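Participant: model this:
(2 chains)
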2 protein chains.
Amino acid sequence: MSFAKTPDPPYYAVIFTSTRTAVDEGYHAVAERMVELAAQQPGFLGVESTRGADGLGITVSYWSSLEAIAAWKAHGEHRVAQASGHKKWYEHFETRIARVERAYSGPG
Amino acid sequence: MSFAKTPDPPYYAVIFTSTRTAVDEGYHAVAERMVELAAQQPGFLGVESTRGADGLGITVSYWSSLEAIAAWKAHGEHRVAQASGHKKWYEHFETRIARVERAYSGPG
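Facilitator: Numbering: from 1, shown residues only, chains lettered A, B, ... in the order given. The predicted structure follows:
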């Protein structure tokens, strides 16, 4: 994983913060597949994702519009993955949908 | 680190994604101090932060307004930390300021 090469704002971010259960059962393959599939969706701009040693994971995906986010949320294969996530993979998650208004990078 | 207990939207998020250099020189103490100091600022709502084994770090802090974010960015001790970050601790970073418009949590 690395930095998302996003365009100039405005665009949208989905901030997904999660802790996992001890259940693996296909988690990693599905997580990888979802990144691959998201990248094929209209309006996808990029994703940044990491999980620390303490178990907290943060994934931020970037999108051109709220409509693109809604379409991805409703995507059939993604819905199946979401249902598995809710049932067995995630202990807790927070999803926040935000409009990126300003961005800068560094150093230099 | 754990989940931020944010109020109902709207509020603001600062999404800070970074990779580190090999230089430590006080990094961890200052990073810890910045979280402690941020939490004392007006308008601070919470923070979620993690860094993965591959070195990518994501810290999302939540704020009540753009004014609160600007004040924290201009805070004297924070400015000193930012300068050290730019000079020696961060290989690259992206900062994005976003307005959280919708939020939900799960499972259940």
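Participant: contacts and neighbour counts: CA atoms only from here.
Facilitator: OK.
Participant: what residues does chain A have near chain B?
Facilitator: By the rule C-alpha under 8 Å from any C-alpha of the partner chain, the part of chain A lying against chain B is A:1-3, A:13, A:17, A:48-54, A:56-58, A:86-87, A:90-108.
Participant: setting aside sequence neighbours, what's the nearest residue to A:Ala22?
Facilitator: Nearest residue to A:Ala22 in three dimensions, chain neighbours excluded: A:Trp89, at 7.6 Å (C-alpha to C-alpha, 6 or more residues apart in numbering or on different chains).
Participant: surely that neighbour is in contact with A:Arg20?
Facilitator: Yes. The pair A:Trp89 / A:Arg20 is scored as a contact, 5.6 Å apart, by C-alpha atoms under 8 Å.
Participant: between those two, who's got more neighbours?
Facilitator: A:Trp89 (22 against 18; other C-alpha atoms under 10 Å in any protein chain shown).
Participant: need the contact list for the more buried one.
Facilitator: If you count contacts by C-alpha atoms under 8 Å, 6 or more residues apart in numbering or on different chains, A:Trp89 has them with A:Arg20, A:Thr21, A:Ala22, A:Val23, A:Asp24, A:Tyr27.
Participant: hmm, A:His86 and the fourth one touching each other?
Facilitator: Yep, that's A:Val23 we're talking about. No. Applying C-alpha under 8 Å as the test, A:Val23 and A:His86 come out as separate, 11.8 Å apart.
Participant: these two: which is more packed in?
Facilitator: More crowded of A:Val23 and A:His86, by other C-alpha under 10 Å: A:His86, with 15 against 11.
Participant: so how many other residues sit close to the residue nearest to that one when sequence neighbours are not counted?
Facilitator: Counting by C-alpha to C-alpha, 6+ apart, A:His86 lies nearest to B:Pro107, which is 5.0 Å off, once chain neighbours are set aside. When neighbours are defined as other C-alpha under 10 Å, B:Pro107 has 16 of them.
Participant: I'd say B:Pro107 and A:Phe93 touch.
Facilitator: Yes. Using C-alpha under 8 Å, B:Pro107 is in contact with A:Phe93, at 6.9 Å.
Participant: and A:Ser61, what element?
Facilitator: Assessed by DSSP states H and E, A:Ser61 sits inside strand A:57-63.
Participant: same for that strand, what does it pack against?
Facilitator: strand A:11-20, strand A:44-51, strand B:44-51 (3 or more C-alpha pairs under 8 Å, 6 or more residues apart in numbering or on different chains; DSSP states H and E).
Participant: at 10 Å what do you get?
Facilitator: strand A:11-20, helix A:27-38, strand A:44-51, helix A:66-74, strand A:90-106, strand B:44-51, strand B:57-63 (3 or more C-alpha pairs under 10 Å, 6 or more residues apart in numbering or on different chains; DSSP states H and E).
Participant: let's have the ones you listed in TSV, adding distance to B:Ile69 and mean pLDDT.
Facilitator: Listed next are those as TSV, based on distance: least, C-alpha to C-alpha, whole Å; pLDDT from 0 to 100:
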stretch	distance to B:Ile69	mean pLDDT
strand A:11-20	18	97
helix A:27-38	31	96
strand A:44-51	22	96
helix A:66-74	24	98
strand A:90-106	12	97
strand B:44-51	8	96
strand B:57-63	7	97
